[in-house]
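Peer 1: Below is the structure, and that's it, no one-letter string:
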């Protein structure tokens, strides 16, 4: 929240409880408040960079409790969550014994999971997946964090960090006061404060620039490898500035060359490595008795270049047992004198410093521009009235975390606040990660959506150019289609709840809708969904029917594997597409007329049927410039000659050709078929 409008802790707690109640009502009577509170806090901690792609997993039996978890993509870091939900306003103190008992129940769960607890629980539940994964990754995990989430007030400190075999275990408490401080600070994340004396045994020697700069101060330092291991072991990916983390997750991998140097030629590391670029909000500099200066403390330390270097040193020490005592890394630390400019300047430093991973300023600015434009549209476009109602409403896009509550707080009287909420109902509130789930599901990438909100958002950001060229102008029509996808997604969520599936609802929703988009060739009428602000009965029936096929598919992963992990793999989607599922007759009849026209009115009908896939198709596609493929998509969109699925395929081909990456042979053949049909219909290269 950027401006709390004088919101105090008690009012914050009351608003939070109301959010829990509202979401319970939206999600159905069976929703437990503890689960809803946990989900809200997981989303918040994801926004502030404390958790990446955590999942709800509620399980409690005598002596054991877990409410959620997150596992890093490289399986080195495991976060386990336990919740103490009181539902009290004003907030009450959580007794010390209850706090420690919750951590004990969570620790006991991990202990049991390491020793085959998944054999004792139902295979169709999410706790089976979690326990199975913990058992499978026991040798790859090097960091475990235990989180306690509560709407009460905790007066005791969390347990001290521990080394459990080869694993560093740390403990965090997020009570209502800490949530409130983070929420009301207006920061994108909670600041990391490091005392190098306590963390690594002493200040880090440094040099500072001689000339005075009105905007920033710069310090040059050399960090010992042991300090890098200690800091990354304690704070992990939180040290990586959010934009860098997103791009590293989607584009990068740990550099083997760095690790080989650490193990084989540690004395050459300083010469071979480019070092780190760091930023901070503030530093404390001390004078050494023998002369020179050192960095004693730093607030909000972030690595904006050198994430792979940092992680590689840590992995080499923890996983490979390498001796890093001879490793040193040069670092440039930039401290802005106006801390209010951190969110403006730090992403630019990230963009300019990270050429190794192709993080370009244009990528980040285009991302910001898209979301700003959607925000503008959401504040001006009225949704059509639903049957039986007179009041028009808006779909509120929350580009910046907490902006909805900010705008609500600015309405100073209760009457005006009620009017605001009637115009902007919370059921029509959506954020950036919601947007990317809607869009990516419709683009038939359910395995990407299944990887989690932050991972999906990162993938969307890296493919932004193709998305914008595919959609055309980000205008009212774009916004209406987007909201139709939101209604489709959220209605499907409601249908899954009513169907009573035991778990995996997020996977069920995205796989069901992606398969419907595929099988209908994108013919689901988004314009009608926008006009009605609802789905047709035929479409709702089809969602329920297709979800049963999805359920049968995902709960039987190959080799009795892990369901959650299987859903994240492209093989899961490909094998599901290979299954023959008849389109329900009612939906077929609803979309059949445009498919059955005698003469082709779009490229969809003009494309020839299946042909033998030949390797030369790939060479033909690669010989056509990327700009030509983009021109095909733009031409067809402007003339109504291509549906969204085919425009997406052509844009994907354009991006692949532009990067010199060969498409799959069948995809190449489809692209050539579309190009041939376009030329018959009037397209000229």
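Peer 2: Looks like it arrived, so ask away. Bear in mind that the values here come from a model prediction, so they are computed numbers and not experimental data.

Peer 1: Please count neighbours and contacts with C-alpha atoms only from this point.
Peer 2: Will do.

Peer 1: Spit out the contact partners of residue 266.
Peer 2: 324, 326, 327 (Cα atoms under 8 Å, 6 or more residues apart in numbering).

Peer 1: Using CSV, lay out the residues you listed together with pLDDT and neighbour count.
Peer 2: Below are those laid out as CSV (pLDDT from 0 to 100; neighbours: other Cα atoms under 10 Å):
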residue, pLDDT, neighbour count
324, 88, 21
326, 89, 15
327, 92, 21
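
Peer 1: Using TSV, lay out the residues you listed together with distance to residue 181.
Peer 2: TSV is the format used below for the contacts of residue 266 (distance: Cα to Cα, whole Å):
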residue	distance to residue 181
324	38
326	41
327	38
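
Peer 1: and which of those is nearest to residue 541?
Peer 2: residue 324 (60.3 Å; Cα to Cα).

Peer 1: Give the helix, strand or coil label for that closest one.
Peer 2: The local conformation at residue 324, judged by DSSP: H, G, I helix; E, B strand; the rest coil, is coil.

Peer 1: That one touches residue 227, doesn't it?
Peer 2: No: between residue 324 and residue 227 there is no contact under Cα atoms under 8 Å: 9.7 Å.

Peer 1: who touches the most centrally placed residue in the chain in this structure?
Peer 2: Nearest to the mean C-alpha position of the chain, by Cα atoms, centre = their mean, lies residue 454 at 0.9 Å. Residues in contact with residue 454 (Cα under 8 Å, 6+ apart) are 46, 52, 53, 246, 433.

Peer 1: Go through the host helix or strand of it and flag the buried ones.
Peer 2: Using DSSP states H and E, residue 454 falls within helix 453-462. The neighbour-count check on helix 453-462 (16 or more other Cα atoms under 10 Å) flags 453, 454, 455, 456, 457, 458, 459, 460, 461, 462 as buried.

Peer 1: a markdown table please, covering those and showing distance to residue 262 and pLDDT.
Peer 2: Formatted as a markdown table, the buried residues of helix 453-462 follow (distance: Cα to Cα, whole Å; pLDDT from 0 to 100):
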| residue | distance to residue 262 | pLDDT |
| --- | --- | --- |
| 453 | 34 | 85 |
| 454 | 31 | 80 |
| 455 | 30 | 84 |
| 456 | 33 | 87 |
| 457 | 33 | 86 |
| 458 | 30 | 80 |
| 459 | 31 | 82 |
| 460 | 34 | 85 |
| 461 | 33 | 80 |
| 462 | 31 | 74 |
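
Peer 1: helices and strands of this structure: which one has the lowest mean pLDDT?
Peer 2: Lowest by mean pLDDT, DSSP states H and E among the helices and strands of the chain is helix 603-606, with a mean of 39.

Peer 1: What's the mean pLDDT across the following helix or strand past it?
Peer 2: With elements assigned by DSSP H and E, the helix or strand that comes after helix 603-606 is helix 616-623. For helix 616-623, the per-residue pLDDT values average out at 86.

Peer 1: Also stretch 481-494?
Peer 2: Here the average pLDDT along stretch 481-494 is 95.

Peer 1: do the same with stretch 264-279
Peer 2: Mean predicted confidence for stretch 264-279 is 87.

Peer 1: try stretch 406-423
Peer 2: Average pLDDT, stretch 406-423: 85.

Peer 1: which helix is the longest one in the chain?
Peer 2: Counting residues, the longest helix in the chain under DSSP state H turns out to be helix 476-499.

Peer 1: Now do the helix or strand just after it: everything it contacts.
Peer 2: Counting by DSSP H and E, the next helix or strand C-terminal to helix 476-499 is helix 505-519. Contacting residues not belonging to helix 505-519 are listed as 441-447, 449-450, 489, 492-493, 496-497, 523-524, 543, 546-547, 550-551, 567, 573, 577, 583, 645 [Cα under 8 Å, 6+ apart].

Peer 1: Buried residues of the next helix or strand after helix 505-519, list them for me.
Peer 2: Per DSSP H and E, helix 505-519 leads on to helix 526-532 as the next helix or strand towards the C-terminus. By neighbour count on 16+ other Cα under 10 Å, the buried set for helix 526-532 is 526, 529, 530, 532.

Peer 1: ok, and what's touching helix 526-532?
Peer 2: 383-387, 480-481, 483-485, 487-488, 535-536.

Peer 1: just those residues now: which is nearest residue 271?
Peer 2: Distances from residue 271 to these, taken by Cα to Cα, are shortest for residue 485, at 52.1 Å.

Peer 1: From residue 372, how far out is the closest one?
Peer 2: Noted for residue 485: a distance of 19 Å to residue 372, by Cα to Cα, to the nearest Å.

Peer 1: now swap in residue 473 and tell me
Peer 2: 14 Å.

Peer 1: Among the two, which residue is more densely surrounded?
Peer 2: residue 372 (16 against 10; other Cα atoms under 10 Å).

Peer 1: does that one really touch residue 397, like I thought?
Peer 2: No: judged on Cα under 8 Å, residue 372 makes no contact with residue 397 at a distance of 9.6 Å.

Peer 1: Looking at the record's assignment, how would you partition this structure?
Peer 2: Annotated domains of the chain cover 9-185, 193-359, 367-596, 601-685 [automatic domain parsing].

Peer 1: Please enumerate the strands of the stretch 151-300 of the chain.
Peer 2: 153-154, 162-164, 167-174, 193-195, 204-208, 216-224, 276-280, 282-287, 293-299 (DSSP state E, counting those that start in this stretch).

Peer 1: The fourth one: partners in the sheet, and parallel or antiparallel?
Peer 2: Neighbouring strands of strand 193-195 in its sheet, by DSSP bridges, are strand 293-299 (antiparallel).

Peer 1: what's in contact with the strand it pairs with?
Peer 2: Applying Cα under 8 Å, 6+ apart, the contact partners of strand 293-299 are 191-197, 202-207, 280-288.

Peer 1: Would you mark the buried spots in that strand?
Peer 2: With burial defined by 16+ other Cα under 10 Å, the residues of strand 293-299 counted as buried are 293, 294, 295, 296, 297, 298, 299.

Peer 1: so how far is it off the chain centroid?
Peer 2: Centroid separation between strand 293-299 and its chain, computed with Cα atoms, centre = their mean, to the nearest Å, is 33 Å.

Peer 1: Next, the angle strand 216-224 makes with that strand.
Peer 2: For strand 293-299 against strand 216-224, the angle by axes from the mean of the first three to the mean of the last three Cα atoms, to 10 degrees is 100 degrees.

Peer 1: Farthest from the middle of the chain: give me that residue.
Peer 2: In the chain, by Cα atoms, centre = their mean, residue 290 is the one farthest from centre (48.5 Å).

Peer 1: Just the pLDDT at that residue, thanks.
Peer 2: Model confidence at residue 290, expressed as pLDDT, equals 88.

Peer 1: ok, now residue 388?
Peer 2: pLDDT, residue 388: 62.

Peer 1: next one: residue 7
Peer 2: Predicted confidence (pLDDT) for residue 7: 57.

Peer 1: and what of residue 362?
Peer 2: Per-residue confidence (pLDDT) for residue 362: 41.

Peer 1: do residue 344 as well
Peer 2: So, for residue 344, pLDDT stands at 66.

Peer 1: now do residue 595
Peer 2: If you check residue 595, the pLDDT there is 39.

Peer 1: about what we covered before: I'd like the distance from the helix holding residue 454 to the chain centre, please.
Peer 2: On the basis of Cα atoms, centre = their mean, helix 453-462 sits 6 Å off its chain's mean C-alpha point.

Peer 1: tell me the mean pLDDT for the helix or strand that that helix is followed by?
Peer 2: Counting by DSSP H and E, the next helix or strand C-terminal to helix 453-462 is helix 464-471. Taken as a whole, helix 464-471 carries a mean pLDDT of 74.

Peer 1: Who are the packing partners of helix 464-471?
Peer 2: Based on contacts counted as 3 or more Cα pairs under 8 Å, 6 or more residues apart in numbering; DSSP states H and E, the elements that helix 464-471 packs against are helix 361-380, helix 626-639, helix 644-658.

Peer 1: Kindly present these as a markdown table, with separate columns for distance to residue 151.
Peer 2: A markdown table is the format used below for these (distance: least, Cα to Cα, whole Å):
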| stretch | distance to residue 151 |
| --- | --- |
| helix 361-380 | 31 |
| helix 626-639 | 50 |
| helix 644-658 | 44 |
